[in-house]
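> structure for this input, please:
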Amino acid sequence: MNQMTATPTPTPSHIAVIMDGNRRWARKRLLPVAVGHASGAKAIRGIVRACSERGIKHLTLFAFSTENWKRPADEVSSLMRLLMLYLQKEVADMNANGVRLQIIGDTTRFDVRLQDLIQQAHALTANNTTIVLTVAVNYGGRWDMLQAAKAWQAANPNRPISELDEQGLQAHLCMSGQPDPDLLIRTGGEARVSNFLLWQMAYTEFYFTDTLWPDFNGKELDRALLSFAQRDRRFGTSSEVLPEHDADTGRNTPRQLLAG
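Presented below is the predicted three-dimensional model:
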């Protein structure tokens with residue numbers, strides 16, 4: 001039987017980013033923390049454009065975790081105002097550039113006006129296909145799995161929890177319908193996942209950089225992509241595989257590169 005070799009692509013379909021270092025960026029410049037967060041928000045536009053230009057179809061950003069409520073009240077308030085301002089100023093441009101915006105996380109804790117802006121952004125950009133930009137706010141991976149289990153039980157009140165399987169849970173996770181991240185980038189020099197997309201990152205490649213988020217740009221992205229292209233992704237198998245997105249389950253499944 002002839003051996004057929006598939007050529008792997010070095011470009012990930014889905015990149016997730018922990019945007020770390022805004023506060024340190026500001027303190028280095030003797031600026032208020034709020035200026036660091038605002039500079040970080042400005043960096044998002046450039047990275048969305050860079051990902052789109054490189055053929056990356058999904059970009060997920062960790063903006064505010066469930067643990068971030070423990071930060072000083074004035075900083076949290078500043079972040080909420082920044083999110084509202086971002087939605088007011090950026091969504092029209094996103095829509096014009098084919099960006100589909102999704103906000104994931106427990107938004108019930110937010111001000112009603114902010115919740116309305118989120119819904120409006122979802123509706124306006126729902127049919128865009130150039131790139132899916134997902135922003136995680138008041139999000140935690142443990143919370144995501146717990147709320148998914150509760151949602152499954154609510155949808156199946158007459159079935160015992162013992163019947164819950166991976167596919168059933170996956171259907172109720174915040175990222176349902178999107179491929180799992182191929183690459184996680186964390187800026188700011190830290191090397192941990194911080195309760196971000198815990199279910200979805202079972203086979204994600206990690207890239208950590210000392211670059212602070214406001215300084216992260218297209219060149220920095222290319223360094224991460226070069227590192228990713230050099231990885232040998234096996235997904236637990238003995239030969240190199242490519243992830244293949246399953247539209248029914250919303251998950252990535254391994255596809256052998258070598259078939260005999």
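> C-alpha only now, for contacts and for neighbours.
Noted.
> who's in contact with the nearest residue to Gly189 once chain neighbours are set aside?
The shortest distance from Gly189 to any residue other than its chain neighbours is 3.9 Å, reached at Asp210 (Cα to Cα, 6 or more residues apart in numbering). By Cα atoms under 8 Å, 6 or more residues apart in numbering, Asp210 lies in contact with 187-190.
> from Arg24, how far out is Asp210?
Per Cα to Cα, to the nearest Å, Asp210 is found 11 Å from Arg24.
> what of Asp180?
30 Å.
> more neighbours: the two, which one.
More neighbours surround Asp180 than the other of Asp180 and Arg24, with 27 against 16 (other Cα atoms under 10 Å).
> and Thr237, what's its pLDDT?
pLDDT recorded at Thr237 is 66.
> need the residue closest to the centroid of the protein.
Thr60 (2.1 Å; Cα atoms, centre = their mean).
> element containing that residue?
strand 58-65 (DSSP states H and E).
> what is the mean pLDDT for stretch 60-73?
The average pLDDT for stretch 60-73 rounds to 93.
> show the end-to-end separation of it, please.
End residues of stretch 60-73 are separated by 26 Å (Cα to Cα).
> and for stretch 13-25?
29 Å.
> and the contacts of it?
33-34, 36-37, 39-40, 55-63, 179-188, 193, 211-214.
> among those, which ones are in strands?
Those of the contacts of stretch 13-25 mapping onto strands are 58-63, 183-186, per DSSP state E.
> between the lengthiest helix in the chain and strand 58-65, how many degrees?
Secondary structure of the chain per DSSP state H: the longest helix is helix 73-96. Helix 73-96 and strand 58-65 are oriented at 160 degrees to each other (axes from the mean of the first three to the mean of the last three Cα atoms, to 10 degrees).
> can you give me the buried ones in stretch 29-38?
The neighbour-count check on stretch 29-38 (16 or more other Cα atoms under 10 Å) flags 33-38 as buried.
> hang on, I meant stretch 66-86
Across stretch 66-86, burial judged by 16+ other Cα under 10 Å covers 66, 75-76, 78-80, 82-84.
> centre of the chain to it, how far?
19 Å (Cα atoms, centre = their mean, to the nearest Å).
> touching it from outside, list them.
33-34, 37-38, 41, 114, 117, 137-140.
> apply 7 Å and report the result again.
Stretch 66-86 is contacted by residues 34, 114, 138-140 when judged by Cα atoms under 7 Å, 6 or more residues apart in numbering.
> one more: stretch 125-133?
Contacts for stretch 125-133 (Cα under 7 Å, 6+ apart): 52, 57-60, 95, 98-102.
> go with 10 Å
Residues from elsewhere that reach stretch 125-133 (Cα atoms under 10 Å, 6 or more residues apart in numbering): 14-16, 44, 48-49, 51-53, 55-61, 91-92, 94-103, 120, 178.
> now do the strand or helix carrying Arg142 against strand 58-65, angle only.
Element membership of Arg142, judged by DSSP H and E, is helix 141-155. Using the same axes, to 10 degrees, the inter-axis angle of helix 141-155 relative to strand 58-65 is 100 degrees.
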